[in-house]
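[1] here is the input, now give the coordinates:
(one chain, ligands or ions: 1)
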Amino acid sequence: MSITPLPLPQPPAKAPEFGRDALIVCESLVRIYQSGSVEVQALQGLDLVVDSGEMVAVVGASGSGKSTLLSILAGVDAPTAGRVRVDRWNLLDMSRADRVRYRRHTVGLVRQQTAANLIPYLTARQMVDLPMTAARTPRRVRRRRAAELLDLLGVAECAERRPAQLSGGQQMRVAIAVALANEPRVLLADEPTGELDNATSAAVFGLLREINRRLGVTVVIVTHDPSVSGQVERTVAIRDGRTSSEVLRRTATGDDGAPQVIAEEYAVMDRTGRIQVPRDYREALALTRRVRLVLEADHVAIRPDGGGPG
Ligand SMILES: Nc1ncnc2c1ncn2[C@@H]1O[C@H](COP(=O)(O)OP(=O)(O)OP(=O)(O)O)[C@@H](O)[C@H]1O
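    Residues are numbered from 1 along each chain as shown. Presented below is the predicted three-dimensional model:
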């Protein structure tokens with residue numbers, strides 16, 4: 001029996017470089033931790049592309065590799081293999097001096113425990129001033145910018161207070177102001193609302209959205225809280241150290257003319273064509289080890305194995 005192959009669309013002569021125009025590109029990122037004789041693969045070939053100006057949430061269960069990813073993007077940790085570029089920096093191959101420059105100017109990091117971001121004996125204004133002093137910003141500019149940032153974050157009245165005199169929400173706002181002090185292109189936040197009550201977390205999210213919109217800073221938030229996807233336009237899910245799916249939200253006009261938020265889930269395909277089929281889909285059709293892929297004119301179908309030698 002002969003099978004007539006479907007005519008395949010012609011690929012472009014030269015495929016464009018993966019994530020060429022993006023601000024953040026992670027490709028096949030691997031991070032292996034060695035603890036004693038045990039190897040832990042925290043990231044197992046993760047792909048992620050974030051465009052300039054985006055606000056993205058990275059969600060995943062505890063241990064899925066979220067904090068590891070953020071530490072690598074922050075220049076605090078180095079990957080074992082793969083490719084990672086932020087702005088013009090190749091994070092896999094960076095001198096010590098460049099790493100300092102990168103951490104000082106390109107990224108701002110807000111850590112998971114609110115207290116870890118703050119210095120107990122400094123006031124809010126002094127803490128925002130510190131990264132600018134390290135960057136040798138003139139005193140006059142530092143003063144003005146610290147006042148502007150504390151005002152933007154809604155904690156202008158806390159400028160002369162130390163961390164112990166601030167509420168959890170105020171501490172987080174000051175920590176964000178500190179992270180923004182040197183005008184980074186990227187703000188990275190690890191569980192920024194993990195220790196806050198619902199109302200305070202909603203307020204902090206609103207602020208992050210405003211910073212993203214008003215300052216044009218690209219924001220990447222890592223959290224185990226799936227409800228966060230309701231707060232951002234794009235949510236990337238990671239599972240077992242790999243990107244598994246993305247949810248995109250957009251506003252469209254419904255039949256009644258009212259605006260409606262539409263959330264669509266996509267599977268993420270890596271460069272070699274691998275995708276992860278969600279467990280509920282696999283279970284619904286009893287998809288197991290072997291499936292049939294069928295190329296149709298405008299889609300690829302995955303069908304259960306019809307039998308035969310196993
Ligand atoms: N320094 C380290 N040494 C050894 N193993 C580590 C180290 N840091 C992380 N791991 C392991 O790597 C895996 C991923 O950890 P990571 O902290 O990135 O996950 P996470 O998704 O941020 O989890 P959580 O939500 O609990 O913070 C886990 O199995 C963790 O135990």
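
[2] going forward, measure contacts and count neighbours with C-alpha atoms only.
    Noted.

[3] and residue 179, what does it touch?
    By CA atoms under 8 Å, 6 or more residues apart in numbering, residue 179 lies in contact with 107-110, 128, 187.

[4] and residue 248, by the same measure?
    Counting by CA under 8 Å, 6+ apart, the residues that residue 248 touches are 233-235, 263-266.

[5] and the stretch 101-250 of the chain, which residues reach the ligand?
    By CA under 6 Å from any ligand atom, the part of the stretch 101-250 of the chain that sits against the ligand consists of residue 224.

[6] quick revisit: identify those among the contacts of residue 179 that sit within helices.
    residue 128 (DSSP state H).

[7] sitting in strands, which of the contacts of residue 179 do you find?
    For the contacts of residue 179, the ones inside strands are 107-110, 187, with DSSP state E as the criterion.

[8] of all the residues in stretch 197-207, which ones are buried?
    200-201, 204-205, 207 (16 or more other CA atoms under 10 Å).

[9] please enumerate residues in contact with stretch 294-307?
    When contacts are defined by CA under 8 Å, 6+ apart, stretch 294-307 is touched by residues 6, 285-288, 290-293.

[10] hmm, back to that, give the buried subset of the contacts of residue 248 as a PyMOL selection command.
    Command for PyMOL that selects the buried part of these, burial taken from 16+ other CA under 10 Å:
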select buried, resi 233+234+235
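
[11] out of the contacts of residue 248, which is nearest to the ligand?
    Among the contacts of residue 248, residue 235 lies closest to the ligand (CA to the nearest ligand atom), at 14.7 Å.

[12] surely the closest one touches residue 50?
    No. The pair residue 235 / residue 50 is not scored as a contact, 11.0 Å apart, by CA atoms under 8 Å.

[13] any common contacting residues for those two?
    With CA under 8 Å, 6+ apart applied, the overlap between the contact sets of residue 235 and residue 50 consists of residue 56.

[14] any low-confidence regions in the stretch 201-310 of the chain?
    Per-residue confidence of the stretch 201-310 of the chain (counting by pLDDT under 70) places the weak regions at 307-310.

[15] helices of that one, start to end?
    In order along the chain, the stretch 201-310 of the chain carries the following helices (DSSP state H, counting those that start in this stretch): 279-284.

[16] residue in it with the shortest distance to the ligand?
    Among residues of the stretch 201-310 of the chain, the one nearest the ligand by CA to the nearest ligand atom turns out to be residue 224. It sits 5.7 Å away.

[17] for that residue, grab phi and psi.
    Backbone geometry at residue 224, expressed as degrees, to the nearest 10, gives phi -90, psi 0.

[18] could you count how many residues lie near it?
    Residue crowding around residue 224 was assessed by other CA atoms under 10 Å; the count is 19.

[19] and the closest residue to residue 127 other than its chain neighbours, how far from residue 65?
    When the adjacent residues along the chain are set aside, residue 127 lies closest to residue 178, with 6.4 Å between them (CA to CA, 6 or more residues apart in numbering). Distance, residue 178 to residue 65, using CA to CA, to the nearest Å: 25 Å.

[20] the two: who's more crowded?
    Neighbours of residue 178 and residue 65, each counted by other CA under 10 Å, are more numerous for residue 178; the result is 27 against 23.

[21] check which helix or strand covers that one.
    Residue 178 belongs to helix 168-179 when assigned by DSSP states H and E.

[22] the ligand versus the residue nearest to residue 127, what's the distance?
    22 Å (CA to the nearest ligand atom, to the nearest Å).
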